[in-house]
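A.B. asks: mind folding the following:
(4 chains)
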2 protein chains.
Amino acid sequence: MSSASKPKPQRSVTLATFLPYRLNVLATVVSGGLGRIYGERFGIGIPEWRVLATIGEFKRITAKAIGQHSEMGKVKISRAAASLEERGFIQREANADDLREMFLTLTPAGQSVYDEIVPLALNYAAQLTADLSPDEEATFGMLLDRLLARARKEFDGSEL
Amino acid sequence: MSSASKPKPQRSVTLATFLPYRLNVLATVVSGGLGRIYGERFGIGIPEWRVLATIGEFKRITAKAIGQHSEMGKVKISRAAASLEERGFIQREANADDLREMFLTLTPAGQSVYDEIVPLALNYAAQLTADLSPDEEATFGMLLDRLLARARKEFDGSEL
DNA sequence: CCATCATAGTTACATTTGTAACTATGATTC
DNA sequence: GAATCATAGTTACAAATGTAACTATGATGG
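C.D. replies: Purely as a prediction, here's the structure:
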């Protein structure tokens, strides 16, 4: 070992400056705020919203594909879909080519709810970033993606 | 109404580019990754870690104060503290000046666990941001704080 | 000081979520 | 073309979390 300058091995964690904690707090506050909007008006929760949003985006999609696009386990999707179907917001249609899977589509009622939520959700996101310049917003999104890519690598164990 | 140029009212939400969703995904992956570290080795969950970290930071603190510093409800703290006490990681000590509250402190065993987790947690956070330059990291943190401040305002209802 | 009100923390109950097993169907291989 | 293996989705059970009620103590105001 040469030169010097110990990089100051900290002996404690300050929660308020600890990134995993801060990310969790922000995500919780944001999810809660947005969830309140569609929760109060339409009585649906986050998993239901994600399923609805994914069907709204892809029009006709299987539960498995929803899982890949929405980061949810199949159990959660199954439950959310059952709940949305009960309320008449989505329909299930067996795939004749593979009877294991079902295509999900929005009913007219579901499309109508979706059409109502979309502007509320977009507005929420716009309000959330209202204090940021377009540049800052783009930067934040870019860094978010890079952090996510890194977090997904799980750091291959060598440093744990 | 004058001029023109509709600001293109989007008719759908692309989940993959929707900030609340992306924040939630990142926070979930990060919490999961970090949680696995102290979960597997010490058998503690996120609420326990937060309580432990807060006591480690403040040395002697009431449950209420932990709540203020760690964004957790009192029920969660009560349960986490009970679990940590059962395992001999923390001690409770009634405040003679106000018998309603209890000061929590780390036992030697708890301090030892804390001392083991701190470098792991700091290292996790360092690995997480390893792809970012110091400038980018600072920028991300700053924007995170501004978003959090904004999200907390709950947008005063006028735009909902 | 005693009646009311507020607060710290716990407990009870309901809701949500995750894990694992299961059911039904499809793919593969010998 | 039966036996094995893989996959989509559901169900059953367990663990975690939230909401509300409760207990004990302290503060306040007449």
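
A.B. asks: please name the residues that touch the residue sitting nearest the centre point of chain A.
C.D. replies: In chain A, the residue lying closest to the centroid (CA atoms, centre = their mean) is A:Ser70, at 6.2 Å. Applying CB atoms under 8 Å, 6 or more residues apart in numbering or on different chains, we find A:Ser70 in contact with A:50-51, A:53-54, A:77, B:15, B:21. Using the backbone N, CA and C atoms, a C-beta is placed for each residue, glycine as well.

A.B. asks: in the longest helix along chain A, what's buried?
C.D. replies: Among all segments of chain A classified by DSSP state H, the helix with the greatest residue count is helix A:19-42. For helix A:19-42, burial by neighbour count (16 or more other CB atoms under 10 Å in any protein chain shown) applies to A:19-27, A:29-31, A:33-35, A:37-38, A:42.

A.B. asks: got it, and stretch A:40-50?
C.D. replies: So for stretch A:40-50, counting by 16+ other CB under 10 Å, buried means A:42, A:44, A:46-50.

A.B. asks: hey, where'd the strands end up in chain A?
C.D. replies: With DSSP state E as the criterion, chain A has strands at A:61-62, A:90-95, A:98-106.

A.B. asks: direction included, what does the shortest one pair up with?
C.D. replies: I take that to be strand A:61-62. strand A:98-106 (antiparallel) (DSSP bridges).

A.B. asks: what backbone torsions are found at A:Glu71?
C.D. replies: For A:Glu71, the backbone dihedrals (degrees, to the nearest 10) come out as phi 60, psi 40.

A.B. asks: OK, contacts around it?
C.D. replies: So A:Glu71 contacts B:25, B:28 (CB under 8 Å, 6+ apart).

A.B. asks: does chain B sit close to the longest helix of chain A?
C.D. replies: Yes. Judged by CB under 8 Å from any CB of the partner chain, helix A:19-42 and chain B are in contact via A:19-31, A:33-34, A:37.

A.B. asks: quick one: A:Leu147 from B:Ile37, how far?
C.D. replies: Look at A:Leu147 and B:Ile37: by CB to CB, to the nearest Å, they are 17 Å apart.

A.B. asks: just A:Gly35 next, same as before
C.D. replies: Counting by CB to CB - A:Gly35 and B:Ile37 are separated by 29 Å.

A.B. asks: looks like A:Ala27 contacts B:Arg22 (just checking).
C.D. replies: No. Checked against CB atoms under 8 Å, the pair A:Ala27 and B:Arg22 is beyond contact range at 9.2 Å.

A.B. asks: could the buried residues of stretch A:40-50 go into TSV alongside pLDDT?
C.D. replies: Conversion of the buried residues of stretch A:40-50 to TSV gives the following (pLDDT from 0 to 100):
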residue	pLDDT
A:Phe42	94
A:Ile44	95
A:Ile46	96
A:Pro47	97
A:Glu48	97
A:Trp49	97
A:Arg50	97
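
A.B. asks: quick check, nearest of the residues you listed to B:Thr105?
C.D. replies: A:Ile46 (37.3 Å; CB to CB).

A.B. asks: quick check: nearest residue in space to the closest one, chain neighbours excluded?
C.D. replies: A:Gly35 (5.5 Å; CB to CB, 6 or more residues apart in numbering or on different chains).

A.B. asks: surely that neighbour touches A:Gly43?
C.D. replies: No. Between A:Gly35 and A:Gly43 there is no contact under CB under 8 Å: 11.4 Å.

A.B. asks: show me what the longest helix of chain A is packed against.
C.D. replies: helix A:46-58, helix A:108-128, helix B:19-42, helix B:108-128, helix B:134-153 (3 or more CB pairs under 8 Å, 6 or more residues apart in numbering or on different chains; DSSP states H and E).

A.B. asks: DNA strand C is nearest to which of these?
C.D. replies: Nearest to DNA strand C, of all the helices and strands packed on helix A:19-42, is helix A:46-58, at 5.1 Å by CB to the nearest atom of the strand.

A.B. asks: so what touches the closest one?
C.D. replies: Residues contacting helix A:46-58 (CB under 8 Å, 6+ apart): A:31, A:35, A:38, A:44, A:61, A:65-66, A:69-70, A:72, A:76-77, A:79-81, A:83-84, A:89-90, A:104-106, A:110-111, A:113-114, A:117-118, A:121, B:12-15, B:18, B:21.

A.B. asks: please save the CA atoms from it in PDB.
C.D. replies: In PDB, the C-alpha atoms belonging to helix A:46-58 read as follows (Å, rounded to 0.1, in the frame of the first residue of the first chain):
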ATOM      1  CA  ILE A  46     -52.100   0.200  -7.200                       C
ATOM      2  CA  PRO A  47     -52.100  -3.400  -8.600                       C
ATOM      3  CA  GLU A  48     -55.400  -2.800 -10.200                       C
ATOM      4  CA  TRP A  49     -54.200   0.400 -11.700                       C
ATOM      5  CA  ARG A  50     -51.100  -1.200 -13.100                       C
ATOM      6  CA  VAL A  51     -53.100  -3.900 -14.700                       C
ATOM      7  CA  LEU A  52     -55.600  -1.500 -16.100                       C
ATOM      8  CA  ALA A  53     -52.800   0.800 -17.400                       C
ATOM      9  CA  THR A  54     -51.000  -2.100 -19.100                       C
ATOM     10  CA  ILE A  55     -54.200  -3.300 -20.800                       C
ATOM     11  CA  GLY A  56     -55.000   0.200 -21.700                       C
ATOM     12  CA  GLU A  57     -51.500   0.500 -23.300                       C
ATOM     13  CA  PHE A  58     -51.500  -2.900 -25.100                       C
END
